[in-house]
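> Model the structure of this input:
(4 chains)
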2 protein chains.
Amino acid sequence: MKPKLLIVEDDPNLGEILSEYLGLKGYETTLSRDGEEGEKTFKNGDFDLCILDLMMPKKDGFALAKEIRSIDDNTPIIFLTAKSMKQDIIKGFTIGADDYMTKPFSMEELLVRIQAILKRSTKKEVEEFPNPFNIGELIYHYNENKLKTPSREITLTTKENELLKIFFENINQTVVRSVALKRIWKDDSYFNARSMDVYIAKVRKYLADDPSLKILTIHGEGFKLVQVQ
Amino acid sequence: MKPKLLIVEDDPNLGEILSEYLGLKGYETTLSRDGEEGEKTFKNGDFDLCILDLMMPKKDGFALAKEIRSIDDNTPIIFLTAKSMKQDIIKGFTIGADDYMTKPFSMEELLVRIQAILKRSTKKEVEEFPNPFNIGELIYHYNENKLKTPSREITLTTKENELLKIFFENINQTVVRSVALKRIWKDDSYFNARSMDVYIAKVRKYLADDPSLKILTIHGEGFKLVQVQ
DNA sequence: GTTCTCATTTAACCATTTTTAACACAGATT
DNA sequence: AATCTGTGTTAAAAATGGTTAAATGAGAAC
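From the prediction side, this is the model:
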């Protein structure tokens, strides 16, 4: 599958050129025109790498990078900028950038730098979990939308099933709200988020049949399914 | 453990300066003076990253990088060079470089670039925080957001939990304000700092259940959790 | 095509967590 | 001592999440 790149650049010329060039080189590119648009796009997409201009209207590249890092501290970020001031470069990397290029730059160089970064980033593929999946006193049949507890057998609805799957795939790890929303609801919006909260409540009730499993709330971040002894 | 860096640089001045600077910054550095020596050293060592000058006697940086890649295509490589020709840069990355810096460069920038690369390459040894963690009369379950004291069981909020974790990870050491702020609040700003002060007060109240634990204020620096007898 | 059923979304209200604000005090600086 | 900056404390405001029930919508059954 083509790696997905998010390009956030307010100069329409450069943006188009970048998008087209990288598109030709085998990437799937999405172009946003300012920081705020970039943030929305990032939240609703699933990108392998972000290329951010530093000076942009509404929200600059540093601010956007911070937002991105607070959602996900793994997706690589490359900054593009006209400024080549040392302190900016240091700041960029401190925020969590993976590379920093000063305009004007060579497209070809950008390309090889992107390749070098992607070579290493390889987002961890979620391993396929066994079906049925045994955990604690529960047996979860993802394929059949079923959850068996010591006392009953629950037939899950589609959304319940998807949500439960994400939790079992990420046991003891935080499931970020926006990530789950993008995966199940395809869109991170206010109402979808509230809908998800309703489903969290439902799933919590099911899991209550095994007292060793709990879904904790990570305020402002997401949820975490933990198994205690 | 300190990451190990191999520096191959024929200019004795630059080599020494690099080695010393990066040594001060917490790396274990080994310096070789030409490509052939560099190759031998690489074969006999176990390095986390290589910094190679491009123009060197006996064996140039490209040739050395090829040797390194034929032995191991994982160890990151950074090229240093006086030439900034586009074709050289492309060639460097094509051979398998991870970064390419043109002399003269800023030490600080080299450092942050090294950090950015190592952040991705090092097989993340997940420093497992003992869970539960016993200290004095308290039992701290980080995974469950719980703190058990002799008299009660406290369910911690997300922020309380993260703050407490930092303190327990750094017992008897100063936790610098800005470090904790960046880690928990993602941003060191006035209001976040005040918010943190509010949480310090909350956490102090919880710890008061064990009189041997105290959070001291290090004025202008941060805080320190100390355990007295 | 209409009705029924059930999954899903929206809405309203409540609870908790986090941030902001205000004021008091402490330590450092002059 | 006067002043500045940094921290302690408390309460109110704002944001986020929990819960329940009604509204909507989509597919199955009639």
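
> Any idea how far the helix ranked longest in chain A is from the middle of the chain?
If you go by DSSP state H, chain A has its longest helix at helix A:190-207. Distance of helix A:190-207 from the chain centroid (C-alpha atoms, centre = their mean, to the nearest Å) equals 20 Å.

> Would it count as contacting DNA strand D?
Yes - when contact is scored as C-beta under 7 Å from any atom of the strand, part of helix A:190-207 falls within range of DNA strand D: A:193-194, A:197-198, A:200-201, A:204. Heads up, the C-betas are built off the backbone N, CA and C, glycines and all.

> Next, see if that helix gets close to chain B.
No - no part of helix A:190-207 sits near chain B under the criterion C-beta under 8 Å from any C-beta of the partner chain; the closest distance found is 14.4 Å.

> Next secondary structure element downstream of that helix?
Proceeding N to C from helix A:190-207, the next assigned helix or strand is strand A:213-218, under DSSP states H and E.

> Which elements pack onto the very next helix or strand once past that following strand?
The first helix or strand that comes after strand A:213-218 along the chain, using DSSP H and E, is strand A:222-227. Using 3 or more C-beta pairs under 8 Å, 6 or more residues apart in numbering or on different chains; DSSP states H and E as the contact criterion, the neighbours of strand A:222-227 among helices and strands are helix A:158-169, strand A:174-176, helix A:177-184, strand A:213-218.

> of all the ones you listed, which lies closest to chain B?
Chain B sits nearest to strand A:213-218 of all the helices and strands packed on strand A:222-227, at 5.2 Å, using C-beta to the nearest C-beta.

> about what we covered before: of all the helices and strands packed on strand A:222-227, which lies closest to DNA strand D?
With C-beta to the nearest atom of the strand, the closest approach to DNA strand D among the helices and strands packed on strand A:222-227 belongs to strand A:213-218: 3.9 Å.

> Spit out the contact partners of the residue positioned nearest the centre of chain A.
The residue at the geometric middle of chain A, judged as the C-alpha nearest the mean C-alpha position with C-alpha atoms, centre = their mean, is A:Val179 (5.1 Å). Contacts for A:Val179 were tallied using C-beta atoms under 8 Å, 6 or more residues apart in numbering or on different chains; they are A:71-72, A:222.

> are any of the residues you listed buried, and which?
Neighbour counting with 16 or more other C-beta atoms under 10 Å in any protein chain shown marks A:71, A:222 as buried within the contacts of A:Val179.

> now the residue lying closest to A:Asp48 once chain neighbours are set aside: how far from B:Gln87?
Among residues not flanking A:Asp48 along the chain, A:Pro3 sits closest, at 4.2 Å (C-beta to C-beta, 6 or more residues apart in numbering or on different chains). As for A:Pro3, its distance to B:Gln87 is 25 Å (criterion: C-beta to C-beta, to the nearest Å).

> hmm, back to that, identify each buried residue in the longest helix of chain A, please.
Applying a neighbour-count criterion of 16+ other C-beta under 10 Å, the buried positions in helix A:190-207 are A:192, A:196, A:199-200, A:202-203, A:206-207.

> okay, the residue lying farthest from the centre of chain A: pLDDT?
Relative to the centre of chain A, and counting by C-alpha atoms, centre = their mean, the farthest-placed residue is A:Ser151 at 36.3 Å. According to the per-residue confidence, A:Ser151 scores 91 in pLDDT.

> what sits against it?
A:Asp209.

> what secondary structure does it sit in?
For A:Ser151, the secondary-structure state derived from DSSP: H, G, I helix; E, B strand; the rest coil is coil.

> A:Tyr206 versus that one, what's the distance?
Separation of A:Ser151 from A:Tyr206 (C-beta to C-beta) stands at 11 Å.

> can you check A:Arg177 too?
20 Å.

> Same list, the buried residues of helix A:190-207, but as CSV with distance to B:Glu37 and pLDDT please.
Listed next are the buried residues of helix A:190-207 as CSV, based on distance: C-beta to C-beta, whole Å; pLDDT from 0 to 100:
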residue, distance to B:Glu37, pLDDT
A:Asn192, 60, 97
A:Met196, 59, 98
A:Tyr199, 62, 98
A:Ile200, 60, 98
A:Lys202, 66, 97
A:Val203, 61, 97
A:Tyr206, 64, 97
A:Leu207, 60, 97
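
> Could you restrict the residues you listed to the ones contacting DNA strand C?
Restricting the buried residues of helix A:190-207 to those touching DNA strand C (C-beta under 7 Å from any atom of the strand) yields A:192, A:199.

> Break chain A into its domains for me.
In the assignment given by automatic domain parsing, the structural domains of chain A cover A:4-121, A:133-227.

> so of these, which one's packed in deepest?
domain A:4-121 (a mean of 18; mean count of other C-beta atoms under 10 Å in any protein chain shown).

> quick one on the thing from earlier: hmm, which two among the buried residues of helix A:190-207 are most spread apart?
Across the buried residues of helix A:190-207, no pair lies farther apart than A:Asn192 and A:Leu207, at 21.9 Å, counting by C-beta to C-beta.

> near DNA strand C, which residues of chain A?
Applying the criterion C-beta under 7 Å from any atom of the strand, the portion of chain A that neighbours DNA strand C consists of A:155, A:157-160, A:185, A:191-192, A:194-195, A:198-199, A:219-220.

> what is the rounded mean pLDDT of the helix or strand encompassing A:Thr29?
When secondary structure is defined using DSSP H and E, the element that contains A:Thr29 is strand A:28-32. Strand A:28-32 carries an average pLDDT of 96.
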